[in-house]
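Enquirer: Got a sequence here, can you build the structure:
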Amino acid sequence: MKLIQTIHELRVALDVLRKEGKTIGLVPTMGALHDGHASLVKRAVAENDVVVVSDFVNPTQFNDKNDLLKYPRTLDADCALLEACGADFVFAPSVEEIYPEPDTRQFSYAPLDTVMEGKYRPGHFNGVCQIVSKLFLIVEPTRAYFGEKDFQQLAIIREMVRKYPFDLEIVGCPIVREADGLALSSRNARLSAEQRVQALKISKTLFDSVEYGKTHTLAETKQFVEAAIAEAEGLELEYFEVVDGNTLQTVTNWEDSHYIVGCITVFCGDVRLIDNIKYKE
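Expert: Take a look at the predicted model:
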C-alpha cells in the first residue's frame, strides 16, 4: 500500500493502471476509520482491481468550526487498518493541496438537500459535493463506495453523479453496527463511557419502532420515537423524520411510498450522532 499526498503523484500512478485496463474503486473518507469504513474498503477490494481510499478532513462541509477542530485525526492508525483491508493507495492531501484557492462552486439539488441535514447544517452538502466531485475528477474511479448511515448524503451524491454527469457507479453499503446496535461513527470516539451507554438508546428506539409501526400509524410511530428520545437521559433530539427513501420528502402514511426510511439526529452531550432505519423497502 502506498501513501500519496499530492494530486499529481496520484494521477500519474492511476493513469498507468488505467491504461492497463484496471478498474479503480474509490472510498472517500474523513479518516478516524473504524469497521464501518473497513467494510466499504473490503467491498471495494472485492469488486475492483485497484482501490484508493481518501483520508481528508474536508473543511468546507463543516458549518461549525468547533466541530472541525474536534474531529479526530488518526492517519497512522487509519493506514494500518487500510493496509490490512487490502487498499492499494491512501490519498491524504493537505487542505492547501485540495483547495489552493477557495472553492466557490455551488451545488443545489433541492429538495434533496434542503431537508433534514440540509436544514440544520446549511452549506454542509455543498461542501460534501465540492470535495466528492474533486475526488471523482482526480481519481476517475470505476466505482465509489459510501455508507448508508449517511443516508441523505448518499442520495445527494447519486443525484450529483446524474446531473454532472460522472461516468462511474455509486455503491451504497449497509450500516455497520456494534454488537449492541450502536451505529459505527468516527464521532463515537468522543463519547465518554457513560455517554456510550446513553447513545445506545438511539438504535434501540429505532429497532423498537419498526415493530411498533407494524400495528400503529406512521404518525403514532413518529411520536413513539420522539417520546423515547425525549425521556432518555443525556440525549437531545434534533430531528426525526420519516421520509420517502428516494425523494427524502416527508411521508405521513405507510401507504404513501413503497420505500420508507426514518432518519434521526441526536445530541449526546456535544456529540452529534446520526442514524436511520428502513421501515419499507
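
Enquirer: lowest-pLDDT helix or strand in the protein?
Expert: The helix or strand with the lowest mean pLDDT-type score in the chain, counting by mean pLDDT, DSSP states H and E, is helix 65-70 (a mean of 89).

Enquirer: how many other residues sit next to residue 148?
Expert: A count of neighbours around residue 148, defined by other CB atoms under 10 Å, yields 18. For every residue, glycine as well, the C-beta is placed using N, CA and C.

Enquirer: oh sorry, the question was meant for residue 97
Expert: 14.

Enquirer: in the helix or strand hosting it, what counts as buried?
Expert: Using DSSP states H and E, residue 97 falls within helix 95-98. Using 16 or more other CB atoms under 10 Å as the test for burial, helix 95-98 gives residue 98.

Enquirer: right, and the helix or strand after it?
Expert: Moving toward the C-terminus from helix 95-98, the next helix or strand (DSSP H and E) is helix 117-120.

Enquirer: and that following helix, what's its mean pLDDT?
Expert: Per-residue pLDDT over helix 117-120 has a mean of 96.

Enquirer: what's in contact with that helix?
Expert: 112, 124, 125, 152, 153, 238, 239, 265, 274 (CB atoms under 8 Å, 6 or more residues apart in numbering).

Enquirer: quick one: contacts for the first one?
Expert: Residues near residue 112 by CB under 8 Å, 6+ apart: 118, 152, 155, 156, 159, 247, 248.

Enquirer: now the contacts of helix 117-120 as a markdown table including pLDDT, secondary structure and distance to residue 198?
Expert: Converted to a markdown table, these look like this (pLDDT from 0 to 100; DSSP: H, G, I helix; E, B strand; the rest coil; distance: CB to CB, whole Å):
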| residue | pLDDT | secondary structure | distance to residue 198 |
| --- | --- | --- | --- |
| 112 | 97 | coil | 31 |
| 124 | 95 | helix | 25 |
| 125 | 97 | helix | 28 |
| 152 | 98 | helix | 24 |
| 153 | 98 | helix | 25 |
| 238 | 98 | strand | 15 |
| 239 | 98 | strand | 18 |
| 265 | 98 | strand | 15 |
| 274 | 98 | strand | 16 |
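
Enquirer: Looking at those residues, which is nearest residue 207?
Expert: Comparing the contacts of helix 117-120 against residue 207 with CB to CB places residue 274 closest, at 15.8 Å.

Enquirer: Find the residue closest to that closest one in space, skipping its chain neighbours.
Expert: Leaving aside its sequence neighbours, residue 274 sits nearest to residue 265 (CB to CB, 6 or more residues apart in numbering; 5.0 Å).

Enquirer: From residue 229, how far out is that neighbour?
Expert: 10 Å (CB to CB, to the nearest Å).

Enquirer: hang on, the earlier thing: can you give me the buried ones in the least confident helix or strand of the chain?
Expert: Applying 16+ other CB under 10 Å to helix 65-70 flags no residue as buried.

Enquirer: Could you list the residues in contact with that helix?
Expert: Contact partners of helix 65-70, identified using CB under 8 Å, 6+ apart, comprise 57, 59, 62, 190, 272.

Enquirer: of the residues you listed, buried ones?
Expert: Here, 16+ other CB under 10 Å leaves 57, 62, 190, 272 buried among the contacts of helix 65-70.
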